[in-house]
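[1] What follows is a predicted protein model with its sequence.
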Amino acid sequence: MLRMVLLGPPGAGKGTQAARLGRRTGLPVLSTGQVLAEQIAAGTPLGEQARACVEHGELVPDELVIEMVRERLGDWDCADGFVLDGFPRTLAQAEALDRVLAERGERLDVVVELTIDESEVLARIRKRARSQHRRDDTEETARHRMQVFADRSGPLRDHYRRQGLLTAVDGSGSRDAVSARVDAALAELTSRPGSDTGR
């Protein structure tokens with residue numbers, strides 16, 4: 001059983017590493033974008049509220065996002081754990097997630113933060129923009145997104161550090177190298193006395 005959050009700045013490879021973790025562990029990988037899209041596609045009451053926000057160009061409120069995550073975590077495939085990809089993004093979301101899990105008699109096992117230098121993130125984004133012809137992948141956009149993450153991540157990091165959950169993993173280098181570091185961090189976690197995070 002493993003309930004984990006994967007954090008990191010834009011371009012750190014969260015999506016890639018989350019997907020790899022899901023394949024290796026058999027755990028569902030959840031991102032707010034995916035949960036939002038599923039609810040909207042299914043036409044659920046929450047999805048219809050979210051659709052209205054999106055169609056009006058508004059951000060989906062935290063309360064709505066949390067309620068969607070609450071419902072998703074109640075699905076059968078999350079009974080043995082999950083990997084949250086890039087959520088929570090703010091301290092308020094983290095505190096809400098704590099409450100959702102506490103209601104279920106659960107808590108997070110680990111929060112893995114992928115750390116990476118800005119120069120490598122920008123190099124990755126330039127490469128992605130060339131290979132995928134993505135006009136939205138500009139250095140200006142990337143620097144702005146990284147600044148937003150930096151502003152929000154301090155309180156988030158402190159929150160999880162106080163709970164003894166935060167583990168930093170070097171996110172630089174190849175995908176395989178990062179995967180190996182993540183696996184090593186999780187192996188260390190599961191070997192601790194009293195740990196119930198093994199599968």
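    Thanks, I have it.
[2] where does the chain have its least confident helix or strand?
    helix 118-132 (a mean of 80; mean pLDDT, DSSP states H and E).
[3] What is that one packed up against?
    helix 139-162 (3 or more CB pairs under 8 Å, 6 or more residues apart in numbering; DSSP states H and E). For every residue, glycine as well, the C-beta is placed using N, CA and C.
[4] contact partners of the helix it packs on?
    When contacts are defined by CB atoms under 8 Å, 6 or more residues apart in numbering, helix 139-162 is touched by residues 5, 7, 9-11, 88-91, 94-95, 108, 111, 113, 118, 121-122, 125-126, 166.
[5] I'd like the distance between A41 and V60.
    Per CB to CB, to the nearest Å, A41 is found 15 Å from V60.
[6] Please enumerate the helices of the chain.
    Applying DSSP state H to the chain gives helices spanning 14-25, 32-42, 45-55, 62-73, 91-103, 118-132, 139-162, 175-190.
[7] Mind checking the pLDDT average for stretch 41-49?
    Averaging pLDDT along stretch 41-49 gives 92.
[8] so how far does it reach from one end to the other?
    12 Å (CA to CA, to the nearest Å).
[9] so the least confident helix or strand of the chain versus helix 139-162, what angle?
    130 degrees (axes from the mean of the first three to the mean of the last three CA atoms, to 10 degrees).
[10] that older thread, quick one: buried ones out of the contacts of helix 139-162?
    Neighbour-count burial (16 or more other CB atoms under 10 Å) applied to these gives 5, 7, 9-11, 88-91, 94, 108, 111, 113, 121, 125, 166.
[11] Report the two of those residues separated the most.
    Greatest spatial distance among the buried ones among the contacts of helix 139-162 (CB to CB): L108 and I125, at 29.4 Å.
[12] Good, wrapping up.
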